[in-house]
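A.B. asks: Just to be clear, the model below is a prediction. Sequence and coordinates:
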Amino acid sequence: MVDIAKIASFCKRRGIVFPSSEIYGGLAGFYDYGPIGIEMINNIKAEWWKEIVHKNQNIVGINGAIITHPKVWEASGHTEEFIDFVVECEKCKSKFRADHLLEDAGIKVGELDASKLNELIKKNKIVCPKCKGKLGEVKEFNLMFKTKVGPGEGETTYLRPETAQLIYLNFKNIVETSRQKVPFGIAQIGKAFRNEISPRNFLFRMREFEQMEMQFFVRKEDADKFFEEWKEKRLEWYSKIGINKKNLRIREHEKGELAHYAKRAVDIEYKFDFGWKEIEGIHNRGDWDLSRHEQFSGKDLKFFDEETKSKFIPWIIETSAGLDRIFLAILVDAYHEEEVKGEKRVVLKISPKIAAYKVAVFPLVNKDGLPEKAREVFKLVSGCYPTFYDEKGSIGRRYRRMDEIGTPFCVTIDHQTLEDNTVTVRDRDTMEQKRVKIDDLLSELYKSLNLYS
Ligand code: GAP
């Protein structure tokens, strides 16, 4: 399995992901997506949106604000509960997440509280992993980023640590304007911010990241049924976007692990080189969120059931996926190194649905009228699919560059094209080439790409 440091340097070399603010030395936990990465990210979002919103008549989408009224986070419990435990080295001043230190020392992390951790650190003589210095007291640390709204001192609020709350805030608006009835869902894709103590493993633990969340509002008595249903559906989706089933598993949260809002939770985990890790969480949030917002806002957030003429606070089944973690899992899953005719070939065997470019068009040589013909073919294909065009350098090197970013098909215009209007179509994975009439090219690509299943 490819290690994460190798993937990070591959991403930088190929314009997929760059460390953010790099010319100033970078900023830990922040990354920028490059020209190839942003196309892939947009494709993952589009696949998720299609699966969740477009294929379900009882799920609608929103796009909520990143900064909200500060009371939102009091009501949600984040001001009080959204904490990690931090330990500082007394010598080199590096800061560490207490549970990571325990994990690295092979100690099972159960329900965390500062005094227990202090005891454990002392007993097990855990020292600073960087300089072996003495560690200080374990302290609580709230992960939300503070900001000020308005001129002067302004009002203190937070950048949202999860997108979910914006959905709860709009629950009433959606019920009143979209004619949805329980059971129904609201979906959203957007940025979330957490001031992680130790961002690590490239895109896995970031301070600014993106979530794809869906909140499904149900009757209390149906909550278990929908929890099971969504768990299965979400796991299945990963195969649809090309992730190998054997690298995925479901893990149930133990009691002590549950977030403050969760009655039950499972993680969908991917097998990275640094272990099985969560890429998506499915939670039964009970009536926690809507009840708390009702209590803190003083507004009635109950759902009125026309049929039974009764009012109730729906329970919520949440599917919460991390876009950047899914992106990382796709890359790790698809990255292959092979030997072809004595040379190393790097190939990203990603699903055509996720690939930045679906097709590349090349003239075999940059003369003899081939570039002109190739540009005609590019015009034809790029009207239907994101297409890359390149006329410089050896054809072998152009193929290799497309293999590295996972372009499924390369179309080459050669001297025979000028005679019989055919081109070669090269398959990324098998490297086999077949001749296709230009008149049939779009229908051939449509069949082979299979983008709409
Ligand atoms: N609304 C529920 C919620 O936010 P979570 O388990 O804290 O639940 C959901 O986060 C998903 O967001 C995770 O499964 C993960 O994929 C992603 N995520 C969380 N923290 C992250 C971080 N620091 N960097 C990248 N992705 C993160």
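C.D. replies: Received the coordinates, thanks.

A.B. asks: Show the contacting residues for R325.
C.D. replies: Taking C-beta atoms under 8 Å, 6 or more residues apart in numbering, we find R325 in contact with L203, F204, F209, Y270, K277, E278, I279, E280. The way it works is simple: take the backbone N, C-alpha and C, and place the C-beta from them, glycine included.

A.B. asks: Please apply the same query to E88.
C.D. replies: S94, K95, F96, L135, G136, K139.

A.B. asks: and if you look at D427?
C.D. replies: When the contact criterion is C-beta under 8 Å, 6+ apart, the partners of D427 are P408, F409, Q433, S448.

A.B. asks: what bridges to it?
C.D. replies: Partner residues in beta bridges with D427: F409, with DSSP bridges as the criterion.

A.B. asks: Whichever of the contacts of E88 end up buried, select them in PyMOL.
C.D. replies: Selecting only the buried entries of those in PyMOL, with 16 or more other C-beta atoms under 10 Å as the criterion:
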select buried, resi 96+135+136
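
A.B. asks: Say whether the ligand is contacted by stretch 269-280.
C.D. replies: Yes - Stretch 269-280 is in contact with the ligand by C-beta under 6 Å from any ligand atom, via E278, I279, E280.

A.B. asks: Are we agreed that S9 is in a helix?
C.D. replies: Yes - checked against DSSP: H, G, I helix; E, B strand; the rest coil, S9 lies within a helix.

A.B. asks: which residues are in contact with stretch 243-255?
C.D. replies: Taking C-beta under 8 Å, 6+ apart as the criterion, the residues outside stretch 243-255 that touch it are 110-111, 231, 235, 238-239, 262, 264-271, 276, 278, 329-330, 333.

A.B. asks: List buried members of the residues you listed by neighbour count.
C.D. replies: Neighbour counting with 16+ other C-beta under 10 Å marks 231, 235, 238, 262, 264-271, 278, 329-330, 333 as buried within those.

A.B. asks: any idea of the pLDDT on E153?
C.D. replies: If you check E153, the pLDDT there is 85.

A.B. asks: Please apply the same query to F388.
C.D. replies: 98.

A.B. asks: Could you give the bridge partners of it?
C.D. replies: A360.

A.B. asks: Is it correct that it is in contact with R398?
C.D. replies: No - taking C-beta atoms under 8 Å as the definition, F388 is not a contact partner of R398, at 9.3 Å.

A.B. asks: Touching both of these two, which residues are there?
C.D. replies: Contact criterion C-beta under 8 Å, 6+ apart; residues bridging F388 and R398 by contacting each: A360.

A.B. asks: a helix runs through Q211, doesn't it?
C.D. replies: No - when three-state DSSP is applied, Q211 is found to be strand, with no helix at that position.

A.B. asks: Least confident secondary structure element in this structure?
C.D. replies: helix 114-124 (a mean of 71; mean pLDDT, DSSP states H and E).

A.B. asks: Could you list the low-pLDDT ranges of this structure?
C.D. replies: Within the chain, the segments meeting pLDDT under 70 span 108-114, 116-117, 120, 124-125.

A.B. asks: Kindly recompute the last result at 50.
C.D. replies: Counting by pLDDT under 50, not a single residue of the chain qualifies.

A.B. asks: Spell out which parts of it neighbour the ligand.
C.D. replies: With C-beta under 6 Å from any ligand atom as the criterion, the chain comes near the ligand at residues 162, 164, 194, 196, 205-206, 209, 211, 213, 278-281, 318, 320-322, 324-325.

A.B. asks: related to what we said a few turns ago, now list the buried members of the contacts of D427.
C.D. replies: Neighbour-count burial (16+ other C-beta under 10 Å) is assigned, among those, to P408, F409, S448.

A.B. asks: Pick the one among these closest to the ligand.
C.D. replies: Of all the buried ones among the contacts of D427, the one sitting nearest the ligand is P408; the distance, using C-beta to the nearest ligand atom, is 26.8 Å.

A.B. asks: Need the nearest residue in space to the closest one, chain neighbours excluded.
C.D. replies: Nearest residue to P408, sequence neighbours excluded (C-beta to C-beta, 6 or more residues apart in numbering): P352, at 4.5 Å.

A.B. asks: my read: the one you found touches S453, true?
C.D. replies: No - using C-beta under 8 Å, P352 makes no contact with S453, being 10.4 Å away.

A.B. asks: quick one: the closest residue to the ligand within the stretch 201-350 of the chain and L328, what's the gap?
C.D. replies: In the stretch 201-350 of the chain, the residue that lies nearest the ligand is G322 (2.0 Å; C-beta to the nearest ligand atom). G322 sits 9 Å away from L328, going by C-beta to C-beta, to the nearest Å.

A.B. asks: for V347, same thing?
C.D. replies: Using C-beta to C-beta, V347 is found at 18 Å from L328.

A.B. asks: And those two? Which one has more around it.
C.D. replies: Neighbour comparison, V347 and L328: the larger count goes to L328, with 24 against 20 (by other C-beta atoms under 10 Å).

A.B. asks: list the contacts for that one?
C.D. replies: Applying C-beta under 8 Å, 6+ apart, the residues contacting L328 are I4, I7, F202, L203, F204, F272.

A.B. asks: and if we set it to 10 Å?
C.D. replies: Contacts for L328 (C-beta atoms under 10 Å, 6 or more residues apart in numbering) come out as 4, 7-8, 11, 17, 201-204, 270, 272, 277, 279, 322.

A.B. asks: Confirm it sits in a helix?
C.D. replies: Yes - residue state for L328 (three-state DSSP) corresponds to a helix.

A.B. asks: Output the host helix or strand of T412 as CSV, restricted to C-alpha atoms.
C.D. replies: Secondary-structure element containing T412, defined by DSSP states H and E: strand 409-413. Taking C-alpha atoms only, strand 409-413 is exported to CSV below (Å, rounded to 0.1, in the frame of the first residue of the first chain):
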residue,chain,number,x,y,z
PHE,A,409,-8.6,7.4,-22.8
CYS,A,410,-6.1,9.0,-25.2
VAL,A,411,-7.1,9.7,-28.8
THR,A,412,-4.3,10.0,-31.3
ILE,A,413,-4.4,11.5,-34.7
